[in-house]
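**Q** whatever this is, show me its structure:
(chains A and B)
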Amino acid sequence: DVKVTQSSRYLVKRTGEKVFLECVQDMDHENMFWYRQDPGLGLRLIYFSYDVKMKEKGDIPEGYSVSREKKERFSLILESTSTNQTSMYLCASSSPVYEQYFGPGTRLTVT
Amino acid sequence: AQSVTQPDIHITVSEGASLELRCNYSYGATPYLFWYVQSPGQGLQLLLKYFSGDTLVQGIKGFEAEFKRSQSSFNLRKPSVHWSDAAEYFCAVGAREYGNKLVFGAGTILRVKS
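**A** Numbers count the residues shown, from 1 in each chain, chains lettered A, B, ... in the order given. Take a look at the predicted model:
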């Protein structure tokens, strides 16, 4: 079975702090994705990556950056957190067959 | 632009009753279609998918979905709902022309009453 793990389930940060969210997949998938999930808005794509060191902006990249130094690992970076970044963050991976596999999510609260 | 609509934000059904969750999409291409389920505090789990072929697809946990191209719909069904089906359900659409990205609907929260 595909396994996607995320470094933290819950995080509480103060405004202005830097946050790293790490995602690791064990199925050698080329594609990896970061979403944020907010009630009533579904999942919105922040960034995605088709290959190592490759990244592309999704629909809501402002305030975020990403890093993919190894194929299995995709990190989401919040350089200076703000309260409007309080959300559930979901990582996913896929092979080029479109079916995405999700991690358990990180619930980030910024106070 | 591509979009996915799940018209029902909340649905409540009695245990043992049938269920249908609606999904409509707007895509200028041949779509790939998915239904995911999310239990509280968890990630998303794939229920079923449609790429091509038979328009009625079977998934896990007794769910099925039917692709109707003429209606741009991919509704999820289950003949008899169990209390453990209470969760949030997401429809998602992709297409070869748009790379490996998926577009998700806003979700439908299913409540099951005993």
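**Q** what sits against the closest residue to B:S26 other than its chain neighbours?
**A** The spatial neighbour of B:S26 that comes closest, neighbours along the chain excluded (C-beta to C-beta, 6 or more residues apart in numbering or on different chains), is B:S3 at 4.7 Å. Where C-beta positions appear, they are placed from N, C-alpha and C, glycine not excepted. Neighbouring residues of B:S3 by C-beta atoms under 8 Å, 6 or more residues apart in numbering or on different chains: B:Y25, B:S26, B:V103.
**Q** please redo it, this time with the cut-off set to 10 Å
**A** B:N24, B:Y25, B:S26, B:Y27, B:V93, B:V103, B:G105 (C-beta atoms under 10 Å, 6 or more residues apart in numbering or on different chains).
**Q** by neighbours, which of these wins?
**A** Greatest neighbour count in the contacts of B:S3, by other C-beta atoms under 10 Å in any protein chain shown, goes to B:V93: 27 neighbours.
**Q** B:A86 versus that one, what's the distance?
**A** Look at B:V93 and B:A86: by C-beta to C-beta, to the nearest Å, they are 25 Å apart.
**Q** kindly report the same for A:F102.
**A** Distance from A:F102 to B:A86, by C-beta to C-beta: 19 Å.
**Q** show me which of those two is the more surrounded one.
**A** Neighbours per residue, other C-beta under 10 Å: of A:F102 and B:A86, the larger number sits with A:F102, 23 against 17.
**Q** would you list every one of the strands in chain B?
**A** B:3-5, B:10-14, B:19-21, B:24-26, B:32-38, B:44-50, B:56-58, B:64-68, B:73-78, B:87-94, B:103-104, B:108-113 (DSSP state E).
**Q** how about a markdown table for these, with mean pLDDT added?
**A** Shown next, in a markdown table, are the strands of chain B (pLDDT from 0 to 100):
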| stretch | mean pLDDT |
| --- | --- |
| strand B:3-5 | 92 |
| strand B:10-14 | 97 |
| strand B:19-21 | 98 |
| strand B:24-26 | 93 |
| strand B:32-38 | 95 |
| strand B:44-50 | 95 |
| strand B:56-58 | 97 |
| strand B:64-68 | 96 |
| strand B:73-78 | 97 |
| strand B:87-94 | 95 |
| strand B:103-104 | 91 |
| strand B:108-113 | 97 |
